[in-house]
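Q: next come a sequence and a model predicted from it.
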Amino acid sequence: MNQHYDVIAIGAGSGGLSVVEKAAAYGKKAAVVEMNDDLGGTCVNRGCVPKKVMWYAAELAHAQVHARDYGFDLTPGKVDWTKLVMKRENLIDGINDWYRDDFLAKAGIDLIYGQARFLDAHTLEVRGERYTADHIVIATGSRPLVFKDIPGAELGITSDGFFELEEQPQKVAVVGGGYIALELAGVLNALGSDTHLLHQGFPVLIGFDAMIQQGLRKQMEADGITFHDNDKIASIEKQNNGQLTVHYQSGETLENLDQLIWAIGRVPNTDDLGLNTIGLQPAKNGLIDVNEYQETSVAGVYAIGDIINKRGVQLTPVAIAAGRRLSDRLFGGMQGRKVDYNLIPTVMFTHPPIGTIGLSEEAAREQYGDEVKVYQTDFNSMYYSFVKHKVKTYMKLIVVGKDEKIVGCHAMGKGVDEMMQGFAVALKMGATKQDFDDTIAIHPVSAEEMVTMK
Ligand SMILES: Cc1cc2nc3c(=O)[nH]c(=O)nc-3n(C[C@H](O)[C@H](O)[C@H](O)COP(=O)(O)OP(=O)(O)OC[C@H]3O[C@@H](n4cnc5c(N)ncnc54)[C@H](O)[C@@H]3O)c2cc1C
């Protein structure tokens, strides 16, 4: 006999778990289908969580050097990579267990193991069994992209492979210029790997404010990362000793690499869901078009998280918010409840971290022309006063119109990762430059510069 549910989510990641959690809280019968043994999706297993552990370790590597400059009698040591990875994986195992034993079981949400495929708009097949639901939410996330047409591409790993590394590569190439490439390169470099960043021609972090693009590049180079610009990879070859050589189209080579990491983008997991059987045609990039209520073109079928066809919203809190709001609307009687995709704050865990909300200066000028005014500062945070390893802090506010409404807020520097959430609330509430000026500064912290910019 078929199992019938009010809602089934495909994918037990950030989005899928959130939609069923809320549905169950409203007393609805909910199930989530997951094809991996581990629950929590990309963020928990191959994304935010393991990445942040590695970032903390990398920050500690820098802090040891800084501590010496503060007068501590210590010799900075190398990390025991195996120990670090073991501890990180123990943390993740604990989260996986919690999702299964507490989160799902206690809420009475059914977990269906296996790969889901649509039979019709209200029926899924998982390992030969049929499951039906009034509402089906696609939350299948994405996977790393690899350049398949480059000979030897398979010799490289992806961000997934990075989190499986049991040994630290001594010499490593990271290919890509987006946030994942830069974060991984930053971690490896700080932990002592000879790190090379390979990207093609454009500035790093496309779409970000130029202050951030340039400031980060400068800092990464100062910290020892070697950038290889403008040269296309022709092939990758394994040397006799097992190390890798990158051959560029120019004839140049980069040799003796222990690892090459592809971080060149992600592809949505929408290709094997049987979407054609329900008449749902993803866009050319494989992403699914949804309206403001996460509804696809097929009644009763929704899409949330990394698979939706919107630029720059592939983030865990966005997937979670979309899942929760969808259940609020479908089961909680909150008509019109939806995600506002404007002013999504985000942090990049580079060294130093970057925080950003709203429009870059370039995008603001395109949208508002001469109405745009920019407030900008850069300074050395007090922390670095007598530390030899100098790391600058940069801040920028982009305002428009006579009332100087803030449409963009960007920062890079120590502590900005924890600083931006509060500023995001202010921007969401429509803060003006005058509101910032009227706010008494906290002293001495870097954040005070945000409310004292001239
Ligand atoms: C290296 C890295 C670092 C990141 N860092 C951050 C960060 O710091 N902050 C942040 O906000 N975001 C970060 N992200 C992005 C974040 O992880 C994603 O935006 C988020 O996980 C998307 O959630 P989701 O629910 O759409 O998909 P996912 O969390 O990927 O979940 C999808 C789930 O669906 C399952 N699935 C797929 N197809 C099927 C099927 N047919 N049947 C059953 N199950 C299926 C998958 O196994 C997976 O478990 C990072 C991503 C990466 C790769």
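A: On my side now, so go ahead.
Q: what about the chain, any weak spots by pLDDT?
A: Within the chain, the stretches falling below the threshold (pLDDT under 70) are 1, 201-202.
Q: try 90 this time
A: 1-3, 146-149, 199-204, 206, 229-232, 250, 311-312, 454 (pLDDT under 90).
Q: what's near enough to touch the residue minimising distance to the centre of it?
A: Within the chain, one residue has its C-alpha closest to the average C-alpha position: by C-alpha atoms, centre = their mean, that is L315, at 5.3 Å. With contacts defined as C-beta atoms under 8 Å, 6 or more residues apart in numbering, L315 is in contact with 344, 346. (Each C-beta comes from the backbone N, C-alpha and C, glycine too.)
Q: at 10 Å what do you get?
A: Residues in contact with L315, defined by C-beta atoms under 10 Å, 6 or more residues apart in numbering, are 14, 43, 47-48, 305-306, 321, 344-347.
Q: so in the chain, which helix runs the longest?
A: For the chain, the longest helix by residue count, based on DSSP state H, is helix 48-69.
Q: show me how far that one is from its chain's centre.
A: Taking the mean C-alpha point of helix 48-69 and that of its whole chain, the gap between them comes to 19 Å (C-alpha atoms, centre = their mean, to the nearest Å).
Q: tell me what the helix or strand following that helix is packed against?
A: Past helix 48-69, further along toward the C-terminus, the next helix or strand under DSSP states H and E is helix 81-98. On a contact count with 3 or more C-beta pairs under 10 Å, 6 or more residues apart in numbering; DSSP states H and E, helix 81-98 meets helix 41-46, helix 48-69.
Q: of all those helices, which lies closest to D6?
A: Using C-beta to C-beta as the measure, helix 41-46 is the one of the helices and strands packed on helix 81-98 that comes nearest D6, at 21.8 Å.
Q: residues contacting whichever residue of the stretch 251-400 of the chain sits closest to the ligand?
A: The minimum distance from the stretch 251-400 of the chain to the ligand, using C-beta to the nearest ligand atom, falls at G305 (2.1 Å). Counting by C-beta under 10 Å, 6+ apart, G305 touches 9, 11, 13-16, 18-19, 41-43, 137-142, 268, 294, 313-316, 318-320, 322-323.
Q: mind listing which of these are in strands?
A: With strands defined by DSSP state E, the entries of the contacts of G305 inside them are 9, 137-138, 142, 268.
Q: before we move on, the earlier item: okay if I get the helices and strands packed on helix 81-98 as TSV plus distance to the ligand and mean neighbour count?
A: As requested, those are arranged in TSV below (distance: least, C-beta to the nearest ligand atom, whole Å; neighbours: other C-beta atoms under 10 Å):
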stretch	distance to the ligand	mean neighbour count
helix 41-46	2	24
helix 48-69	4	17
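Q: switch these over to CSV; also include distance to G177.
A: Conversion of the helices and strands packed on helix 81-98 to CSV gives the following (distance: least, C-beta to C-beta, whole Å):
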stretch, distance to G177
helix 41-46, 20
helix 48-69, 17
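Q: tell me which of those helices lies nearest to E366.
A: Nearest to E366 among those is helix 48-69 (30.7 Å), distances taken as C-beta to C-beta.
Q: send me that closest one as PDB with only the CA atoms.
A: The C-alpha atoms that make up helix 48-69 are tabulated as PDB, following Å, rounded to 0.1, in the frame of the first residue of the first chain:
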ATOM      1  CA  CYS A  48      29.800  25.300   5.700                       C
ATOM      2  CA  VAL A  49      30.500  23.200   8.700                       C
ATOM      3  CA  PRO A  50      33.700  21.400   7.800                       C
ATOM      4  CA  LYS A  51      34.900  24.500   6.000                       C
ATOM      5  CA  LYS A  52      34.400  26.700   9.100                       C
ATOM      6  CA  VAL A  53      36.300  24.200  11.200                       C
ATOM      7  CA  MET A  54      39.200  24.400   8.800                       C
ATOM      8  CA  TRP A  55      38.900  28.200   8.800                       C
ATOM      9  CA  TYR A  56      39.200  28.300  12.600                       C
ATOM     10  CA  ALA A  57      42.300  26.100  12.400                       C
ATOM     11  CA  ALA A  58      43.800  28.500   9.800                       C
ATOM     12  CA  GLU A  59      43.000  31.500  11.900                       C
ATOM     13  CA  LEU A  60      44.800  29.800  14.800                       C
ATOM     14  CA  ALA A  61      47.800  29.200  12.600                       C
ATOM     15  CA  HIS A  62      48.000  33.000  12.100                       C
ATOM     16  CA  ALA A  63      47.200  33.700  15.700                       C
ATOM     17  CA  GLN A  64      50.200  31.700  16.900                       C
ATOM     18  CA  VAL A  65      52.500  34.000  14.900                       C
ATOM     19  CA  HIS A  66      50.700  37.100  16.100                       C
ATOM     20  CA  ALA A  67      50.900  35.900  19.800                       C
ATOM     21  CA  ARG A  68      54.700  35.800  19.500                       C
ATOM     22  CA  ASP A  69      54.600  39.500  18.400                       C
END
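Q: among the helices and strands packed on helix 81-98, which comes closest to N240?
A: Judged by C-beta to C-beta, the one of those that comes nearest to N240 is helix 48-69, at 31.1 Å.
Q: thinking again about what came up before, for the residue nearest to the centre of the chain, give its distance to K171.
A: Using C-beta to C-beta, to the nearest Å, one obtains 32 Å as the distance from L315 to K171.
Q: ok, back up a step: quick one: the longest helix of the chain to helix 81-98, angle?
A: Taking axes from the mean of the first three to the mean of the last three C-alpha atoms, to 10 degrees, one finds that helix 48-69 is oriented at 140 degrees with respect to helix 81-98.
Q: show me what helix 48-69 is packed up against.
A: Checked by 3+ C-beta pairs under 10 Å, 6+ apart, helix 48-69 has helix 41-46, helix 81-98, helix 159-162, helix 179-190, helix 316-331 packed alongside it.
Q: appreciated, that's everything.
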